[in-house]
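1. turn this into a model:
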Amino acid sequence: MSDAEAIHQIDIYEDEREHVILPSPKFENGEESKYLPAETIEAFYAFGEVRFNSQFFKCLSYYSIPLHMFNYYGNYIGSFIPQDSEGDGAIQLLQAQFYFDTHKRVYIARKILEAATRNILDNLQTHQYEGANLDQPIMKINSLLDQIRLSISIEELLGLEGNVRQIYYKSWNEFLKQKFDFEKRIKNPPVGYINSLISFGNSLMYSVCLSEIYRTRLNPYIGFIHEAGNKKHSLAYDIAEIFKPVIVDKVIFKVINLRMITDKDFKIKNDFYLLKENAKQKFVEEFEKRLSTVITHKRLNRRISYRSLIRMECFNLINFMQGKLKTYEPYYST
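-> Residues are numbered from 1 along each chain as shown. Coordinates of the predicted model:
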């Protein structure tokens with residue numbers, strides 16, 4: 001919902017019946033309100049300007065449902081995270097110890113970026129199999145992957161990660177079926193149609209990771225690749241590195257190659273390339289479908305959704321820090 005379309009009333013409220021949250025009861029086409037069982041809601045995502053009342057926040061707190069807010073441009077601006085009544089100070093102290101121990105921090109950061117790079121390679125190899133000319137980028141990224149495995153500092157890892165992404169994004173022109181003149185990642189503001197989709201998708205990914213971190217007792221402000229501080233959810237950015245290739249990028253490839261979103265679905269305002277409301281809704285719907293997709297986890301030999309994988313990744317990290325696992329092995333698709 002854009003600023004111009006904001007509804008100046010109570011847009012969402014809790015019903016008198018227990019366990020139910022309702023959207024606004026006023027519909028122009030005469031449809032009835034849709035009932036949303038609170039226990040089935042993972043999180044709320046608010047786009048543009050939406051008003052909530054105190055009863056709604058009370059309901060979020062009672063059912064431990066996070067609320068993530070995005071501005072008119074689709075950028076993440078903040079979250080309402082209910083107070084954690086089941087927090088574990090020991091976990092957060094352990095997390096801080098791993099952050100301040102250079103050897104342990106680099107080990108975790110290296111493993112995360114190794115998994116992220118393997119997921120990137122899997123994307124490229126899929127499109128290579130379908131006929132795209134990707135021999136050179138795959139060879140270069142494989143070489144960088146070897147360097148990541150041998151890296152001994154956060155600064156070196158960040159440099160290698162940047163090089164991987166640069167090669168990866170440049171290769172997209174080989175298999176995207178709409179020509180958008182995409183050469184490199186530009187964030188602030190996102191220049192061009194593809195950069196706009198990446199920024200929007202990554203913002204969604206960060207908020208999902210934050211929701212799952214919140215449910216697993218970890219501290220979202222203490223990451224391993226990204227520095228703690230500046231009010232940034234560093235751990236959410238870290239976990240997102242693993243899943244951006246398998247969720248965000250896959251959604252972008254789908255909506256572009258199936259022409260679900262075209263250049264007509266964007267508007268340019270103050271140098272920002274903005275998704276129109278209908279296109280934004282399409283992207284969010286495809287993003288949710290991807291999160292709900294169930295796959296067979298090869299190492300676990302079990303069926304699991306991508307959303308559950310993100311939560312499992314958090315527990316995987318906890319188990320490693322507690323010494324229950326000898327090695328930390330983040331999710332990778334190959």
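2. in contact with the residue nearest the centre of the chain, which residues?
-> With distances taken as Cα atoms, centre = their mean, residue 205 lies nearest the centre of the chain, 1.1 Å away. Listed by Cβ atoms under 8 Å, 6 or more residues apart in numbering, the contact set of residue 205 reads 240, 243, 244, 247, 248. Where C-beta positions appear, they are placed from N, C-alpha and C, glycine not excepted.
3. look up how far residue 290 lies from the third one.
-> Think residue 244. 11 Å (Cβ to Cβ, to the nearest Å).
4. swap in the second one?
-> Noted for residue 243: a distance of 10 Å to residue 290, by Cβ to Cβ.
5. look at the two and report which has more neighbours.
-> Set side by side, residue 243 and residue 290 show more neighbours around residue 243, with 25 against 19, by other Cβ atoms under 10 Å.
6. hang on, the more buried one packs against residue 306?
-> Yes. In this structure, residue 243 is within contact of residue 306 by Cβ atoms under 8 Å, at 7.1 Å.
7. and the pLDDT at residue 181?
-> Looking at residue 181, its pLDDT is 69.
8. now do the one 3 residues further on
-> Looking at residue 184, its pLDDT stands at 69.
9. likewise for residue 145?
-> We have a pLDDT of 97 for residue 145.
10. that one: what secondary structure?
-> Secondary structure, DSSP: H, G, I helix; E, B strand; the rest coil: residue 145 is helix.
11. which residues does it contact?
-> Residues counted as contacts of residue 145 (Cβ under 8 Å, 6+ apart) are 114, 117, 118, 121, 164.
12. with secondary structure, neighbour count and distance to residue 234 as added columns, please give the residues you listed in JSON lines.
-> Converted to JSON lines, the contacts of residue 145 look like this (DSSP: H, G, I helix; E, B strand; the rest coil; neighbours: other Cβ atoms under 10 Å; distance: Cβ to Cβ, whole Å):
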{"residue": "114", "secondary structure": "helix", "neighbour count": "19", "distance to residue 234": "19"}
{"residue": "117", "secondary structure": "helix", "neighbour count": "24", "distance to residue 234": "20"}
{"residue": "118", "secondary structure": "helix", "neighbour count": "20", "distance to residue 234": "22"}
{"residue": "121", "secondary structure": "helix", "neighbour count": "23", "distance to residue 234": "25"}
{"residue": "164", "secondary structure": "helix", "neighbour count": "22", "distance to residue 234": "20"}
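13. could you dump these to TSV with distance to residue 224 and pLDDT?
-> As requested, these are exported to TSV (distance: Cβ to Cβ, whole Å; pLDDT from 0 to 100):
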residue	distance to residue 224	pLDDT
114	13	97
117	16	97
118	18	97
121	22	97
164	17	96
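14. and those residues, which is closest to residue 222?
-> Taking Cβ to Cβ as the measure, residue 222 lies nearest residue 114 of these, at 20.6 Å.
15. surely that closest one is in contact with residue 146?
-> No. Counting by Cβ under 8 Å, residue 114 stays clear of residue 146, with 10.0 Å between them.
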